[in-house]
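Can you look at this prediction? I've put the sequence above it.
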Amino acid sequence: MIRLVFAPAPYRHEEVTYVYWEYELERPYELYLIPLRALNVFLEEALAQEKEFPENIRISFEDGRIRVWTPFAAYSEYLFERLERLLRDRVRAILEEIMF
């Protein structure tokens, strides 16, 4: 469904250090049936429902990639692994809805 294409790495933007990473959809053409804004809202709501994630984590879908960033202080290996599982589950669920 998705694969990591850019491992978590720190970057600095306007005096704040973030951790940024990207996933690529294995078959992004399947998601062309969904408006990008709807998919972004879907992913943002999935994060908001999870109490484990900090409020300042951000996610977006563009150009066939899911981009994730969070302030450096909020990042942990557990957060990364938990978010990856959530994304895999949610992307699989939305693809199953589209395909069936």
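Sure, I can see it. Residues are numbered from 1 along each chain as shown.

going forward, measure contacts and count neighbours with C-alpha atoms only.
Fine.

hmm, who's touching the helix or strand harbouring Arg3?
For Arg3, the host element (DSSP states H and E) is strand 2-13. Strand 2-13 is contacted from outside by 17-26, 72, 88, 91, using CA atoms under 8 Å, 6 or more residues apart in numbering.

Quick one: mark the members of those residues that sit in helices.
Among the contacts of strand 2-13, the members found in helices (DSSP state H) are 88, 91.

Now, of the contacts of strand 2-13, which are buried?
Those of the contacts of strand 2-13 that meet the buried threshold are 18-25, 72, 91, by 16 or more other CA atoms under 10 Å.

mind putting those residues in CSV, distance to Leu47 included?
Output for the buried ones among the contacts of strand 2-13, formatted as CSV (distance: CA to CA, whole Å):
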residue, distance to Leu47
Tyr18, 18
Val19, 17
Tyr20, 16
Trp21, 16
Glu22, 16
Tyr23, 16
Glu24, 18
Leu25, 18
Phe72, 18
Val91, 13
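
Is the residue lying closest to Phe72 once chain neighbours are set aside bridged to anything, and to what?
Excluding the flanking residues, the one nearest Phe72 by CA to CA, 6 or more residues apart in numbering is Tyr18, at 4.6 Å. Legend: beta-bridge partners of Tyr18 under DSSP bridges are Tyr11, Pro71.
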